[in-house]
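A.B. asks: Sequence first, then the predicted structure:
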Amino acid sequence: MTGTVTSSQERALAVSAAAVHDDRQKLVALSHSLHAEPETAMQEHKSAAKIVRVAEEAGFDVTRGVAGLPTAFVATYGTGDLVVALCAEYDALPDIGHACGHNVNGAASVGAALGLAAVADLIGITVKLIGTPAEEDIGGKAVLLEAGVFDDVAAAFMAHAAPEDSVGASSLAVGAWDVAYQGKQAHAALAPWEGINALDAIALAHTAVGLLRQQLPPGTLVHDVVFEAGRAVNVIPETARARYELRARTTEDLAHARRRVRACLEAAALATGAELELTPHGADFADLRQDDFLTAAYTRAARSLGRDPVDRRGEVMASTDMGNISHLLPALHPTIGYDTEGAHHHTAPFAEYGASPGADRAVLDAATALAHVGVALATDPDQRRRCLRLLADRRAAAAPRR
């Protein structure tokens, strides 16, 4: 915050922190329940219902199935002109459960929403808890953004589970294709020349992309996995399917990488005679751009709780659909740390620590810190005006397209 802290600010900070503290058992139980019943992207029916139940019990107005996503929801509290969004994630990874800590992320956002709801009237805000499914797959936030769910939001927050506390990092832009090559069956011994080998196409594509990597800019990555490439060894494979994922430092670099990789995939089809079908898999994730004021406010709040976040500005982490949000409105996406004994995201060992005492503390500290960021924003006149002005400008720019 800039300037002198007023008595109303001090009261709001204290009341929001007390609300999180009062609900600590409920929030930890929610995190543990999500962790115990992990659900993958677009299958998070129980997880969404658990969060919705907590929100409804707290007096939030809830709309389920928003933007055509059955496991997405919006829960609102208050009537203030400054709409502050908390993004709740809750999808898990196939086979290894909450190996990215989304049970912690989701419970922390719920806690922050409860903390801000307790002061919504005092500081003139509307709290908007947004259930954002499928971050690990199609990018639920990007879908919700496109559908207009964030159209009234002035700023959006969340915190992400990690082995360390950090602030300010960016993320890689990412996009994916589902790739299919259609060939022609033939007997692999009697008349292989009559076939068109889809496995050859997939192999050529993989090789061409591997050779391309030398020519890609630093920070640009391509990875693929093959789902199908024939079923019988004595039959020329007719169908091959894979998924390609591309990451880059910016959305512009991602577009460049797409053109280069697409040429490799098309060359494999040309060389083998197979037909290529490319289907976008979910939404592209933009690079993350964190707001300076929100980051500074979170850092102060985290330090007041005994944490010391590492400043990661100028560095990049993996990828998040929060990046899409951050290109249109002020956004905050710090990491909240706890001991995982060296285990990193997207591994089974990391998942094992998701219901540890350290993870439980992370839920409550992140909830309190995010709530304090909301208070800081709402009670700083200059920052409040800035966010409302950016919102008005965004609406004005979008109006002709509607």
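C.D. replies: Thanks, I have it. Being a predicted model, the structure only gives us computed values, none of them experimental.

A.B. asks: Report the contact partners of the closest residue to V84 other than its chain neighbours.
C.D. replies: Excluding the flanking residues, the one nearest V84 by C-beta to C-beta, 6 or more residues apart in numbering is G374, at 4.9 Å. (Glycine included, C-beta is placed from N, CA and C.) Taking C-beta atoms under 8 Å, 6 or more residues apart in numbering, we find G374 in contact with S16, V84, A112, G115, L116, I123, I125, V127, F157.

A.B. asks: same check, this time on A58
C.D. replies: Counting by C-beta under 8 Å, 6+ apart, A58 touches Y77, L114, A117.

A.B. asks: among the residues you listed, which are in helices?
C.D. replies: Among the contacts of A58, the members falling in helices (DSSP state H) are L114, A117.

A.B. asks: Most neighbours out of the contacts of A58, which is it?
C.D. replies: Highest neighbour count within these, by other C-beta atoms under 10 Å: L114, with 28 neighbours.

A.B. asks: Could you measure from it over to D165?
C.D. replies: 22 Å (C-beta to C-beta, to the nearest Å).

A.B. asks: Next, count neighbours for G342.
C.D. replies: 8.

A.B. asks: the strands in the stretch 101-250 of the chain, which residues?
C.D. replies: 125-131, 155-157, 160-162, 166-167, 170-171, 173-182, 221-229, 239-248 (DSSP state E, counting those that start in this stretch).

A.B. asks: Dump those to TSV, plus distance to G148 and mean neighbour count.
C.D. replies: Below are the strands of the stretch 101-250 of the chain laid out as TSV (distance: least, C-beta to C-beta, whole Å; neighbours: other C-beta atoms under 10 Å):
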stretch	distance to G148	mean neighbour count
strand 125-131	12	26
strand 155-157	14	29
strand 160-162	25	26
strand 166-167	29	21
strand 170-171	24	23
strand 173-182	22	22
strand 221-229	32	15
strand 239-248	27	21
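
A.B. asks: coming back round to it: pick the one among the contacts of A58 closest to P280.
C.D. replies: Ranked by distance to P280 (C-beta to C-beta), the contacts of A58 are led by Y77 at 35.6 Å.

A.B. asks: Pretty sure A263 sits in a strand.
C.D. replies: No. Using DSSP: H, G, I helix; E, B strand; the rest coil, the secondary structure at A263 is helix, not a strand.

A.B. asks: ok, it - contacts?
C.D. replies: For A263, no contacting residues are found, by C-beta under 8 Å, 6+ apart.

A.B. asks: do the same with E266
C.D. replies: Listed by C-beta under 8 Å, 6+ apart, the contact set of E266 reads L276.

A.B. asks: does it sit in a helix or strand, and which one?
C.D. replies: Assessed by DSSP states H and E, E266 sits inside helix 251-272.

A.B. asks: Sort out which residues of that helix are buried, please.
C.D. replies: The neighbour-count check on helix 251-272 (16 or more other C-beta atoms under 10 Å) flags T251, D253, L254, A257, R258, R260, V261, C264, L265, A268, A269, T272 as buried.
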